[in-house]
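S.K.: below are the sequence and a predicted model for it; my questions follow.
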Amino acid sequence: MIKFKSTLTSLVILFLVACQHTPQTATSTAVPSLAPSAIPTLSPETSTETAVSPATQITTPPDPTVDLSGSLSFDWNDPEIYRSGLIPSARDGVDLLATAPVYSLTVNIDPEAGLVTGSQLIRYTNNESIPLDEIFLHLFPNLLGGSIEVSNLQADGQKAEWLYENSHASVMRVPLVAPLQPGTAVLLTMDFVTAVPQDVGRNYGVFAQVDNVMALAHFYPLVAVYDDNGWHTDPPVEFGDPTFTDAGFYLVNVSAPDDQVVVGSGVVAAEAENGRVHTQTLVAGPARDFYLVLSPDFAVETVTVGETTIRSYAPAAFAEGARQAAEVAASALCVFNPRLGTYPYTELDIVATPTLALGIEYPGVIAITQREYDPETPIYEGMANSVFLETTVAHEMGHQWFYNIVGNDQLLEPWLDEAMAQYITGLYYEDLYGLPAAESYRQSWDDRWSHVNYADTPIGLPVGVYDGAAYSAIIYGRGPLFVEALAAEMGQDKFTTFLQAYTNQNKWGVATTESFKTLAEATCQCQLTELFDAWVYAK
């Protein structure tokens, strides 16, 4: 995620492409011509699919005692279906299928009512060395201004009870009849109904239906992370990213009215029509989450880079911005692929949404505020919105590596993804435009930090320890300056080696500050404790 800052040093706005890619014509789908949407106020392939009931007629979901995987066109345990969304060199990621969380969802979306009705199966494997007596699931809609109601919960075919916990019943605890032994799995089945808020409320409006866009971040029950510290169930604060998740696999049937353009994580494996309802089967994984967004107003611009197709969606009135976003993402892939390891998916989607953040990252999808697409209403006086758009897209592209491929606890150690995304955005400017442009972007880090008078507040604190202004200043400003200091201390060549090793060794896993430091020291054969004491650790 990238947040707005009231002062930003001017950046070079020349756009160029760093590697060979092929622009394609926009989709032939007819999209009505629209006036620009309202701008929110700033604040700090071939299978057929079984027809699903129309999304405009919300009905009781199927009985979860039935194995829904048998009614799908695809077997959710078949690794081949997930390989379709991965480039050949990344298809070893499906080896995680046996142990990672696996989700199968069938959802009906009713934009008119603001509802998502679904049935869900989750296969959760105990990868710990001790038995687990219970499982925790996040219910983020209850925390993000909407609601989610769960019913018909079963564990391995037996009726299961659950208890709501945390503020706003944002977590459900599911006691198990028998302890889940190490190396074994449990199958949870449930129905749910999610109500989507009709305004941009908490956490920048990541989960909201505004301006004819339905953004469905974290709309379904999501298994919490269990590690050496136990279950991670603390609710997020109202700024920063709200999730910390394991990489999992998703097989999702989505039905919505046929006037809606539906964009989601992963790739479309099958499509079907049933009257005025369009059904897609989406497959994704490994991935930290599954994101959906839909609007009848979306038009698309398409660019191909190597083995990845980039699709950029925005209202037709913002077609030029959608085109720029796709080109920036293409250039970001050309910069980051050789530096960090190749982007693993065959598709990447960019969507313009009414979010109050400048941009937000999801697996295989980045959401960008519509404000950056509107050339007539500058976000910051004296600077074209295209400058913000390029920086935001490049930053959110960085999160495809730091957050999704390399996971981290975004609540307890946000610097690991945000500061790293900021730093490699600097590499984007350096590789494309040269050192003067990179230095201009780097100055924005210093400007952010100056908002707290260059306080030596550690960057390695949980989100909730900072206030809103300090979070932006320290994590997005002081954070990348630390990474820059680390690169200088290690030597740039060794730091470049470290970046590649860090992304490779932590691929689809979870990194921590300590594992980051340990690998950096091993790479440079040097002691970095003094540097981490000065910048990262709590005093």
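M.R.: All right, it came through fine.
S.K.: can you get me a residue count around Cys108?
M.R.: If you look again at residue 108, you'll see it is Asn, not Cys. Neighbour count for Asn108, taken as other CB atoms under 10 Å: 25. All C-beta atoms are positioned from the backbone trio N, CA, C, and that covers glycine.
S.K.: same deal with Asp446?
M.R.: Asp446 has 14 nearby residues by other CB under 10 Å.
S.K.: wait, a strand at it?
M.R.: No - Asp446: not assigned to a strand; according to DSSP: H, G, I helix; E, B strand; the rest coil it is helix.
S.K.: how close does it sit to Glu439?
M.R.: 10 Å (CB to CB, to the nearest Å).
S.K.: residue ranges with poor pLDDT in the protein?
M.R.: 2-73 (pLDDT under 70).
S.K.: can you list the domains in it?
M.R.: 68-291, 300-535 (automatic domain parsing).
S.K.: end to end on the longest one, go ahead and measure it.
M.R.: Between the opening and closing residues of domain 300-535 there is a gap of 43 Å (CA to CA, to the nearest Å).
S.K.: and the residue lying closest to Tyr373 once chain neighbours are set aside, how many neighbours?
M.R.: Closest residue to Tyr373 apart from its sequence neighbours, by CB to CB, 6 or more residues apart in numbering: Gly321 at 3.2 Å. Neighbours of Gly321 under the rule other CB under 10 Å: 24.
S.K.: which helix or strand contains Gly321?
M.R.: Using DSSP states H and E, Gly321 maps to helix 319-340.
S.K.: can you check Gln154 too?
M.R.: strand 147-155.
S.K.: give the pairing partners of that strand; include direction for each.
M.R.: strand 158-159 (antiparallel), strand 185-195 (antiparallel) (DSSP bridges).
S.K.: against Met420, how distant is Gly321?
M.R.: 26 Å.
S.K.: the residue nearest to Tyr373: what's it in contact with?
M.R.: Counting by CB atoms under 8 Å, 6 or more residues apart in numbering, Gly321 touches 314, 352, 372-375, 385-386, 389.
S.K.: enumerate every residue touching Pro363.
M.R.: With CB under 8 Å, 6+ apart, Pro363 has these contacts: 265-266, 284, 287-291, 400, 404.
S.K.: in a markdown table: those residues, plus secondary structure.
M.R.: Formatted as a markdown table, those follow (three-state DSSP):
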| residue | secondary structure |
| --- | --- |
| Ser265 | coil |
| Gly266 | coil |
| Ala284 | strand |
| Ala287 | strand |
| Arg288 | coil |
| Asp289 | coil |
| Phe290 | coil |
| Tyr291 | coil |
| Gln400 | coil |
| Asn404 | coil |
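S.K.: hmm, which two among those are most spread apart?
M.R.: Phe290 and Gln400 (15.0 Å; CB to CB).
S.K.: which stretches in the stretch 1-150 of the chain count as helices?
M.R.: 79-83 (DSSP state H, counting those that start in this stretch).
S.K.: please give me every residue in contact with Gln410.
M.R.: Applying CB under 8 Å, 6+ apart, the residues near Gln410 are 240-244, 403, 417, 463.
S.K.: got JSON lines for the residues you listed, with secondary structure, neighbour count and distance to Lys539 too?
M.R.: Below are the contacts of Gln410 laid out as JSON lines (DSSP: H, G, I helix; E, B strand; the rest coil; neighbours: other CB atoms under 10 Å; distance: CB to CB, whole Å):
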{"residue": "Gly240", "secondary structure": "coil", "neighbour count": "23", "distance to Lys539": "21"}
{"residue": "Asp241", "secondary structure": "coil", "neighbour count": "22", "distance to Lys539": "25"}
{"residue": "Pro242", "secondary structure": "coil", "neighbour count": "25", "distance to Lys539": "27"}
{"residue": "Thr243", "secondary structure": "coil", "neighbour count": "21", "distance to Lys539": "28"}
{"residue": "Phe244", "secondary structure": "coil", "neighbour count": "22", "distance to Lys539": "25"}
{"residue": "Tyr403", "secondary structure": "coil", "neighbour count": "27", "distance to Lys539": "27"}
{"residue": "Asp417", "secondary structure": "helix", "neighbour count": "26", "distance to Lys539": "23"}
{"residue": "Val463", "secondary structure": "helix", "neighbour count": "22", "distance to Lys539": "18"}
